[in-house]
Each structure stands twice: as C-alpha cells, then as structure tokens.
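>>> show me the folded form of this:
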Amino acid sequence: MPLVSRFSHSPARRRWLQGSAAALAAWGLPAAGQARTEGGAPVTVAQVVDMSPGLQDVGRDFLVGAQAAWQSVNAQGGVQGRQVRHLPIVTDGSRQGLQGAWQRIESSHCVMLSGCVGDAATRALSELQAQSPAGTRLAQVAPWVQAEAAHAPGSHVFGIFPGYQEQMAHALKTLATVGVRDMGVAFAGAPQRAQALETVQRAATALGLQLHLLPTPGQAASAAERRAEQTQAIVLFIGGTPELHAFARRLPVQPGTHRYIVALADVNLQVLAQLGGTPRHSSVIATQAVPLLTSTLGVVRAYRQALARYYDEPPSPQGLAGFVSARYAAAVLSGLRAEPTRANVLQALRERTDSDIDGFMVRCAGSERRSGYVTQTMLAADGRIIG
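Below you'll find the predicted structure:
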C-alpha cells in the first residue's frame, strides 16, 4: 500500500538551513565512538561532509544517520571488540576547506574514509591523496555521490549507492512504457551543468531519450533553451533542494497543463515540503537510493530506533543512507581477518563480494558495484508525500 504523509513546517529546520556550514561544525552533535577503550585502542574512521549551500540539507541528515549508526555499533561492542572513533570533518566545499580536511585526515591515523558527502568533495579527496607523499592509500567507503562513473575502479572509491544512470532509469521507466521519448533537463547552476551534463547525456542515450536543455541560472539562454522551458512537460532537475524549490517557482505556467519535475536522490522532499512545496501546476518525483522509511527491513527499523534513541530528529531518506553507509563500513571492519589498518581495509575492499546489511543488499564484485537499490517518492501539488 502506498504511504501518504504530510510534513509540517519546521521553523527550527528552516533556521538551520539558513545557517552556514561553520555553524553546523559548532552545532554540538556528539561524535560517535568517543567512548570506552577496553579491548584495545579505538579504530578511527573519518567522514568528510560538504556543507556548501546546495548540499546542506543532504549533508546534515546523512551525518546524523552516520552518527546514529556508529553510536549503535559502539553500544553493541564495536568492531572486533574495539570501539570506533568516528571523526566527522565538515567543510564548505572550497578547495581550501578540502585541503584543510585532508590535513586533518592525514594526522588522524584513520583507517578509512566512510560516507563522505558530495561528488566534488569525494573527487577532490582522491586528487589530494594522489598528490600526497607515497604511502598506504586510504579507501573511501560508501560515499554519497551521484556522478559515480567519474570515480574509476583504481581511485580507491568503493561505492554502494546508485548514480545518475540507475536513478534516471528507475524514475523514467514508467514514462518510457507509455511512449515518452524526450524531456527537458535543468541544472541548479553552471557548476552542476559542467559537472553532470556529460553523465546525464550518456544516461539519456542509454535509455533512448532525447534531452532538451533548459536555461541555466547565470548563463545566457539560447532560443532552444527558452523554448524547452515553455514546452517540456517532464523536466529532469540536477541540483539540491533549495535550488529545486526556486526552479519550480520560476518554471512558466501553461494553462491547462501539469508539469512533472524528476529529481534525483540529492533532493529531500520533506525539506522541500517545509519550504512551501511546489506550485499547484507541478509535482516532483524524486528517486531515493535506500528503502522507503516505512519498510519492514531490519536496517530501516534499526535506523528509526537509533534515531529515536540518540537524536530528536525526524527520519529522512538521506539520514537512512548515512546510517546504511556507516553500517556497511562497520561490516567491512568486522570482517577483516587481520588488524584494522589502511592497507588491510583497502585489500578487503578490493576483494569484496555481496553484503547483506540487515536486509539491504549491497551487490559488489571487488572494486565494482554491480547493482544498486532505487525507489521513488512524489511530492504532489497539494503537499502530500506519496511513496
């Protein structure tokens, strides 16, 4: 049965979203794993979270989910009898901020990077690692990235979440069965267009879809782009929640028509609803890379229980993704046949096979992820969230 839920406006949440990334660093989330030391020295796991404006809502929820997971892991004895010291590092997404994050990572003696948030951050950390003095490389485990194809198998990035192509395929498969062959595509801004256009075009080609670009904020629009903005009934949007809210409100209204905006997993429909939703002539269909929050899977129940125990927070798909990423990292550490070192973690990931994270299947063959979980929800014009 479909779930229909309505989320109330949250002034506290809005105030947080209007704050800066620096404010989050001082927000006071307790770091998981600052606990007992019996059974050996704690194992340090670092997590870099890009809190630039387009990723704030995703990054915050993802981090809370990861924190809850590590707290639960430590409450149950840690990994191999050792507690986990979870080291969250918040950045503003700038080159300088990421360089500072990498310096903290190098001095932290962490054995892996787990659940890093943001394509640009994940890519920059790979580049900074490649430029650092020769030594044992550090695995990036279960990052939150959309342009997954940008990370080659040899980049030490070991994903578990689906990227653009799988999400697009899932979101559009129903439309394709009824004859949809072309659609618009809009980007939050020039950086998103430069980063994602090639990946999106490649995905569209694989699906047999013709894309029509809409105007990009900050760039001169062509006649074809202005025409697509007026005529395309279905528009794929690449960007975060605040940008989607602004885009939906400036999308032209055509009398007697309804427009559908297809968003990917970076969009948080709960936050979009709190921001006021979308105009009545449009609905948003958003993919998500984790099960619905009402699923009976064990990992979903564990997430909701941990969130209720450790944080006064509502559940969200991005929070569940953060929880899953940390649980996957914990499973990798627990499965090691040797000391938890950077080299041993990297070797184990290069040999990884399918994993069952309390009902959530991660299907892998070494460095490559073989398939990913995708579902979708819709924010209707009347404010209902339907999954």
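
>>> what's the mean pLDDT across the longest helix seen in the chain?
The residue-count maximum for a helix in the chain (DSSP state H) belongs to helix 56-75. Helix 56-75 shows a mean pLDDT of 95.

>>> which parts of this structure are helices?
11-17, 21-25, 56-75, 95-108, 119-131, 164-177, 190-207, 223-231, 241-250, 269-274, 298-310, 317-334, 342-350.

>>> helices and strands around the fourth one, which ones?
Right, helix 95-108. strand 43-50, strand 84-91, helix 119-131 (3 or more Cβ pairs under 8 Å, 6 or more residues apart in numbering; DSSP states H and E). (Glycine included, C-beta is placed from N, CA and C.)

>>> give the contact list for the closest residue to Leu213 other than its chain neighbours.
Leaving aside its sequence neighbours, Leu213 sits nearest to Glu225 (Cβ to Cβ, 6 or more residues apart in numbering; 5.2 Å). When contacts are counted by Cβ atoms under 8 Å, 6 or more residues apart in numbering, Glu225 touches His212, Leu213, Leu214, Pro215, Thr216.

>>> one more time with 6 Å, if that's ok
Neighbour list for Glu225: Leu213, Leu214, Pro215 [criterion: Cβ atoms under 6 Å, 6 or more residues apart in numbering].

>>> residues near the last one, how many?
One way to gauge burial is a neighbour count; for Pro215, by other Cβ atoms under 10 Å, it gives 16.

>>> ok, it touching Ala221?
Yes: counting by Cβ atoms under 6 Å, Pro215 does reach Ala221; the two are 3.6 Å apart.

>>> still on that earlier bit, among the helices and strands packed on helix 95-108, which is the most enclosed?
strand 43-50 (a mean of 26; mean count of other Cβ atoms under 10 Å).

>>> that strand packs against which elements?
Under the contact definition 3 or more Cβ pairs under 6 Å, 6 or more residues apart in numbering; DSSP states H and E, strand 43-50 sits against strand 84-91, helix 95-108, strand 112-114.

>>> apply 10 Å and report the result again.
helix 21-25, helix 56-75, strand 84-91, helix 95-108, strand 112-114, helix 119-131, strand 140-141, helix 317-334 (3 or more Cβ pairs under 10 Å, 6 or more residues apart in numbering; DSSP states H and E).

>>> how about the third one as CSV, C-alpha atoms only?
The reference is to strand 84-91. Extracted C-alpha coordinates of strand 84-91, given in CSV (Å, rounded to 0.1, in the frame of the first residue of the first chain):
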residue,chain,number,x,y,z
VAL,A,84,35.1,3.1,16.8
ARG,A,85,36.2,6.7,17.0
HIS,A,86,34.0,8.5,14.4
LEU,A,87,35.7,11.7,13.2
PRO,A,88,33.3,14.0,11.3
ILE,A,89,35.0,16.7,9.3
VAL,A,90,32.7,19.5,8.0
THR,A,91,33.8,21.6,5.0
